[in-house]
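Trainee: 3D, please:
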Amino acid sequence: MTTMVLDIGGTAIKSGLYLDGVLTDIKETPTEASLGGAHVTARAKEIIAAYRQCTSFERIGISTAGQVDPIRGQIIYANENIPDYTGTKLKEIMEREFCVPVAVENDVNAAAIGESIFGAGQNYSNFVCLTYGTGVGGAIFSGGKLYSGSSYSAGEFGAIVTHPEARKIEEDMFSGCYEKYASTTALVKNAQQFDATLINGRKIFERLEEPGIKELVDRWILEIIYGLTTIIHMLNPEGVILGGGIMEQPYVIEQLRKLLYPNIMSSFRQVKLEKAALGNCAGMLGAAVLGL
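Mentor: Numbers count the residues shown, from 1 in each chain. Below is the predicted model of the structure:
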């Protein structure tokens, strides 16, 4: 059974075809998220229609940014990264358009499902998955199954308050929260105060040997540790899987492993810190097996 898969992110929509554990015909299309939820949905329909001109598929699996009700296939909540995306009935829209079954899941949940079946989560029944990018996303696996919570939104680790002194909820619900300090966005923002040409993680790590840059990277790594310490003590997982392009930097994983264990109680130190194994394909692989 061939499955059409999409991974809708704030920057790009990744797409491909899945059959028997293999992704093929992988493409990437700019999301143009700032144009809003209706535009993003139309963009996704165009991508699927283009694949259908060349091949047939029996299902559609969609991994997407935002909190998702996977039963109804609807966006429960999406922040300003995709304006007016909240409430979008992706499952209903796509089933009406393409007349095949459609499954929809949050992007980090989908990535965790992918890692659990094909990647770094295969050896764990109880693990958490976090992605560091524009924000900080999370997913929880308990007893070998995705734990979704009472309203399908468990694992919103980016909203952990790590800096209460900075809380100004009347201005920003995420003020003082983990993702404001531990996301790649936060690292780049701080780096640009040091040097405006440091516009992304790659440029920052190219200059890691410079003392000032290394100092700000080390401070950012400590921010990641603060959140992980809380999560591990709350959930007692076997494994912590870290994803996002920034985690491809060897220095980051090395320092996290060095700093994590002294910060957690000895009875929790059996936890393993793993880099996500599937890279940009995790969400698509997870979306491909939704409902199967």
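Trainee: any idea how far the nearest residue in space to Ile169 that is not next to it in sequence lies from Ala166?
Mentor: Spatial nearest neighbour of Ile169, excluding adjacent residues (Cβ to Cβ, 6 or more residues apart in numbering): Ser175 at 6.5 Å. Yep, even glycine has a C-beta here, placed from its N, CA and C like the rest. Note on Ser175: its distance to Ala166, by Cβ to Cβ, to the nearest Å, is 6 Å.
Trainee: and what of Asn123?
Mentor: 38 Å.
Trainee: Glu97 too?
Mentor: Glu97 is 44 Å from Ala166, by Cβ to Cβ.
Trainee: now the helices for this protein?
Mentor: Using DSSP state H, the helices of the chain run over 37-52, 90-98, 107-118, 179-182, 184-194, 201-206, 211-235, 250-260, 282-288.
Trainee: point out the most buried one among the ones you listed.
Mentor: helix 282-288 (a mean of 30; mean count of other Cβ atoms under 10 Å).
Trainee: so what's Phe57 up against?
Mentor: The contact partners of Phe57, by Cβ atoms under 8 Å, 6 or more residues apart in numbering, come to 2-4, 17, 51, 100.
Trainee: from the residues you listed, which is closest to Gly144?
Mentor: Gly144 has its nearest neighbour among these in Thr3, at 22.1 Å by Cβ to Cβ.
Trainee: isn't that closest one up against Gly286?
Mentor: No: using Cβ atoms under 8 Å, Thr3 makes no contact with Gly286, being 11.5 Å away.
Trainee: who touches both of those two?
Mentor: Common contacts of Thr3 and Gly286 (Cβ under 8 Å, 6+ apart): Gly61.
Trainee: confirm for me that Glu32 is in contact with Ala42.
Mentor: No: assessed by Cβ under 8 Å, Glu32 is found out of contact with Ala42, at 10.0 Å.
Trainee: how many neighbouring residues does Glu170 have?
Mentor: Other residues within reach of Glu170, judged by other Cβ atoms under 10 Å, total 7.
Trainee: how near is it to Ala78?
Mentor: 21 Å.
Trainee: same question for Gly9.
Mentor: 12 Å.
Trainee: what of Val252?
Mentor: From Val252 to Ala78 the distance is 28 Å (Cβ to Cβ).
Trainee: returning to what we had before: tell me which of the helices of the chain sits nearest to Tyr152.
Mentor: For those, the distance to Tyr152 is smallest for helix 107-118, at 8.7 Å, taking Cβ to Cβ.
Trainee: so for the closest one, mean pLDDT?
Mentor: Mean pLDDT, computed over helix 107-118, is 96.
Trainee: again with stretch 177-188
Mentor: 97.
Trainee: contacting residues for Leu19?
Mentor: Listed by Cβ under 8 Å, 6+ apart, the contact partners of Leu19 are 1-3.
Trainee: go with 10 Å
Mentor: 1-3, 57, 288 (Cβ atoms under 10 Å, 6 or more residues apart in numbering).
Trainee: again with Arg202
Mentor: By Cβ under 10 Å, 6+ apart, the contact list for Arg202 reads 245-246, 248-249.
Trainee: got it, and Asp218?
Mentor: Asp218 touches 208, 251, 255, 259, counting by Cβ under 10 Å, 6+ apart.
Trainee: Throw those residues into TSV and include distance to Thr24 and pLDDT, thanks.
Mentor: Formatted as TSV, the contacts of Asp218 follow (distance: Cβ to Cβ, whole Å; pLDDT from 0 to 100):
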residue	distance to Thr24	pLDDT
Leu208	36	97
Tyr251	34	97
Gln255	37	98
Leu259	40	98
